[in-house]
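**Student:** sequence and computational prediction follow.
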Amino acid sequence: MILRRTMLGAALAGAMALSLSPASAADLEQSSITLGVGGKPLLYYLPLTIAEQKGFFEEEGLDVAINDFGGGSKSLQALVGGSVDVVTGAYEHTIRMQAKNQDIRAVIELGRFPGIVLAVKKDLADQIKSPADLAGRKVGVTAPGSSTNFFVNYLMAKDGADPQQAAFIGVGAGLSAVAAMQQGEIEAISNLDPVISKLEADDDIVVLADSRTEAGTEAIFGASIPAAVVYMKNDFIEANPNTVQALVNSFKKALDWLATASPEEIAEVVPAEYHLGNEELYLRAVAASQETYSRTGIIPPEAMQASFDMLKQFDPELASAEFDLDRTFTDRFVTAAGN
């Protein structure tokens, strides 16, 4: 686990206190929160990095400690275990937890398309022509049980194959994932940008499924599917509504900024190490992913249903689960953001 404090941190603590009115700071039930994420450098989580680097958390009176885990499933485990307060992760996790009678809810949508790509090693493209051909193959995902894993599970099940017949290997979300493919440790990969754009630029892969655009997402799922969200236990929401509102305000500012920012402006804001050693490549990856970010922060009901329908394709427990899907997301904070 790597612990990162929000930029500016203690150096601006005094200035932050002066910039906030005493009333606004006092309104927060807790000003220090811990956030879990699985693969922060991924463009999937770009709104988090923007909120951090642009100082939007500080503007709302928050001191956010970010724990960057190897994948989304590990962030969820940290939330359930109590070591983080909130998570920036895949919406699908809220569905799975509600089905297990654990009241975990999303409070803002960050991504309206998954942005996940399934690709195979180029010299195996004549053998692995569809997701069904992944049976018996080594497939790299950010972490087993994460959204990148769900993506392959769904595609294999859709093609009539059993996802359990594939060997899923956690390769992370940065250069470790690139190296795993280039060194032959895996035969296929389900990952996101900038990892995918790096492998494409190096001519290492052939893409089988691409959800970085609305057209690509609808071709795969038949509808838009919510991706990254901010989620937490409902007990935390009820006990800390002002803190949650400040957090949602911060992320909404990030989404609004991203809606008009150029790839060059984005590249200037994120840490240089996120470029994977090639800023030009990163700019192309950003341009390819900009369509994925939410415009409103609100998950449409039909998108929630589409995500549930997708999960049921390969998870027999969800196929028979009974719960209120509306409990997976509340729009009360996004609606109030900026007001």
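**Tutor:** Nice, I can see it. Values in this document were obtained by computation on a predicted structure and should not be read as measured data.
**Student:** so where is the stretch 201-339 of the chain shaky, pLDDT-wise?
**Tutor:** Residue ranges of the stretch 201-339 of the chain with pLDDT under 70: 338-339.
**Student:** Gly215: which element?
**Tutor:** Gly isn't right for residue 215; it's Ala. Assessed by DSSP states H and E, Ala215 sits inside helix 214-221.
**Student:** ok, now Ile299?
**Tutor:** Per DSSP H and E, there is no helix or strand for Ile299.
**Student:** wait, what's in contact with it?
**Tutor:** Contacts for Ile299 were tallied using Cβ atoms under 8 Å, 6 or more residues apart in numbering; they are 91, 106, 109, 226, 229, 329, 331. Bear in mind the C-beta positions are built from the backbone N, C-alpha and C, glycine included.
**Student:** quick one on the thing from earlier: just give me how far the helix holding Ala215 sits from the chain centre.
**Tutor:** 18 Å (Cα atoms, centre = their mean, to the nearest Å).
**Student:** hmm, who's touching that helix?
**Tutor:** Counting by Cβ under 8 Å, 6+ apart, residues outside helix 214-221 touching it are 113-114, 154-155, 209-211, 223-225, 291, 306, 310.
**Student:** from the residues you listed, which is closest to Leu258?
**Tutor:** Glu291 (11.0 Å; Cβ to Cβ).
**Student:** leaving out the residues flanking it, which one is nearest to that closest one?
**Tutor:** Thr213 (5.5 Å; Cβ to Cβ, 6 or more residues apart in numbering).
**Student:** contacting residues around that neighbour?
**Tutor:** 113, 291-292.
**Student:** quick revisit: the contacts of Ile299 in strands, which ones?
**Tutor:** Judged by DSSP state E, strands contain the following of the contacts of Ile299: 106, 109, 229.
**Student:** of those, just the buried ones, PyMOL syntax please.
**Tutor:** Here is the PyMOL command that selects the buried residues among those (16 or more other Cβ atoms under 10 Å):
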select buried, resi 106+109+229
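**Student:** turn the ones in strands among the contacts of Ile299 into TSV, including distance to Val178.
**Tutor:** Output for the ones in strands among the contacts of Ile299, formatted as TSV (distance: Cβ to Cβ, whole Å):
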residue	distance to Val178
Ala106	30
Glu109	28
Val229	27
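**Student:** and the contacts of Thr213, which are buried?
**Tutor:** Among the contacts of Thr213, the ones that count as buried by 16+ other Cβ under 10 Å are 113, 292.
**Student:** so which of the contacts of Thr213 is the closest to Leu43?
**Tutor:** Of the contacts of Thr213, the one sitting nearest to Leu43 (Cβ to Cβ) turns out to be Thr292, at 7.7 Å.
**Student:** distance of that closest one relative to Gly89?
**Tutor:** Relative to Gly89, Thr292 is positioned 15 Å away (Cβ to Cβ, to the nearest Å).
**Student:** over to Gly61?
**Tutor:** 24 Å.
**Student:** more neighbours, the two?
**Tutor:** Legend: neighbour count by other Cβ atoms under 10 Å for Gly61 and Gly89, higher for Gly89 (31 against 22).
**Student:** how about the secondary structure of the more buried one?
**Tutor:** Here Gly89 is recorded as strand under DSSP: H, G, I helix; E, B strand; the rest coil.
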